[in-house]
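Asker: Test case, fold it:
(one chain, ligands or ions: 1)
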Amino acid sequence: MTFVRAIFSSSVGWKMINAVSGLSLIGFIIVHLVGNLILLTGTSEAFNQYSHFYETVGSLLYVIELMLVSIFILHIVTAVTVWFSKQMGRDISYKNSASAGSPSKKTWASQTMIYSGLVILVFLILHLVDFKYGPHYDVSNEIVTTQLHLSDGTDVRDMHKTVIEVFQRPVQIIWYSIAVLLLGLHLRHGFWSAFQSLGLNHPKYTPILFRLGIMVGIIIGLGYLAIPVLIYLKGATS
Ligand code: HEM
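Answerer: Numbering: from 1, shown residues only. Next up, the predicted model:
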């Protein structure tokens, strides 16, 4: 209990929670990207099977979703708290954009973390409305008005159709593109910064983590960008 109290009563502790929750979310974001790449590489059946797989784990899905939501909330609360404490004047880093040595902590990505984070939050809410709570089609393309699924495995939700419909709208492509590029920017700094917050600072490994952060940002940003853009282009040419 003393340890938990110590963590929550210091700004270093809040930063550590922010770091661990952020790294966990990166784990989810990578798994989610790999799964969604089936939209580009596989058939509609393969994607619906993948999507349906999560339903088959039963109540474990609720446990995983609860954990995911808790981690998101923890990440947002700690990020906003740390940001406010910086704004109160303790930290001058957002005002002073001069170099902080090599590799510099002060990049465009680092100075816009709170704003890119807020856009990602808005994106996430709209994303869930579009997909998770979007129209439920069954395999015969009838709209199913209930959010519940039959458990016999034959009446699978046609998630593929929902996704393709969303990615036929140019406004959605523009919005997704902006949001996922900001996600890449957010992770470009967030990945590296998380290790700093955890005190893992080493003259040899810190520059490697910094470069790894750039790669993570680019791969995730471009990976998520490719899905809506290629689906849109494929639809437009067919
Ligand atoms: C741009 C490509 C993306 C596609 C095609 C996509 C697709 C989907 C689909 C189909 C679902 C519904 C899953 C279901 O209910 O069975 C979903 C849920 C979700 N997506 Fe995405 N997604 C994308 C990007 C993102 C990004 C960038 C994030 C995070 C920042 C994200 C976070 C989530 C979360 C948290 C859920 C809810 C997961 C759950 O409740 O189990 N997605 N996504």
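Asker: Spatially central residue for the protein, please.
Answerer: residue 29 (4.8 Å; C-alpha atoms, centre = their mean).
Asker: And residue 25, how close does it get to residue 215?
Answerer: Distance from residue 25 to residue 215, counting by C-beta to C-beta, to the nearest Å: 17 Å. The way it works is simple: take the backbone N, C-alpha and C, and place the C-beta from them, glycine included.
Asker: what helix or strand does the residue nearest to the centre of the chain sit in?
Answerer: helix 11-36 (DSSP states H and E).
Asker: Out of residue 25 and residue 215, name the residue with the larger neighbour count.
Answerer: Between residue 25 and residue 215, counted using other C-beta atoms under 10 Å, residue 25 has the larger neighbour count: 18 against 12.
Asker: so who does that one touch?
Answerer: Contacts here follow C-beta atoms under 8 Å, 6 or more residues apart in numbering; on that basis residue 25 touches 71-72, 75.
Asker: which ones among those residues are found in helices?
Answerer: Members of those lying in helices (criterion: DSSP state H): 71-72, 75.
Asker: Would you tell me which one of those comes nearest to the ligand?
Answerer: The shortest approach to the ligand among the ones in helices among the contacts of residue 25 belongs to residue 72, at 7.4 Å (C-beta to the nearest ligand atom).
Asker: follow-up on the earlier one: and the pLDDT for the closest residue in space to the residue nearest to the centre of the chain that isn't next to it in sequence?
Answerer: The shortest distance from residue 29 to any non-neighbouring residue, by C-beta to C-beta, 6 or more residues apart in numbering, is to residue 220 (6.1 Å). Per-residue confidence at residue 220 stands at 98 (pLDDT).
Asker: next one: the one 4 residues further on
Answerer: The score at residue 224 is 98. That number is its pLDDT.
Asker: mind checking which helix or strand of this structure has the lowest mean pLDDT?
Answerer: Within the chain, no helix or strand scores below strand 143-144, which has a mean of 65 by mean pLDDT, DSSP states H and E.
Asker: isn't residue 81 right next to residue 14, touching?
Answerer: Yes - the criterion here is C-beta atoms under 8 Å, and residue 81 meets it with residue 14 at 5.4 Å.
Asker: nearest to residue 166, of the ones in helices among the contacts of residue 25?
Answerer: residue 72 (21.6 Å; C-beta to C-beta).
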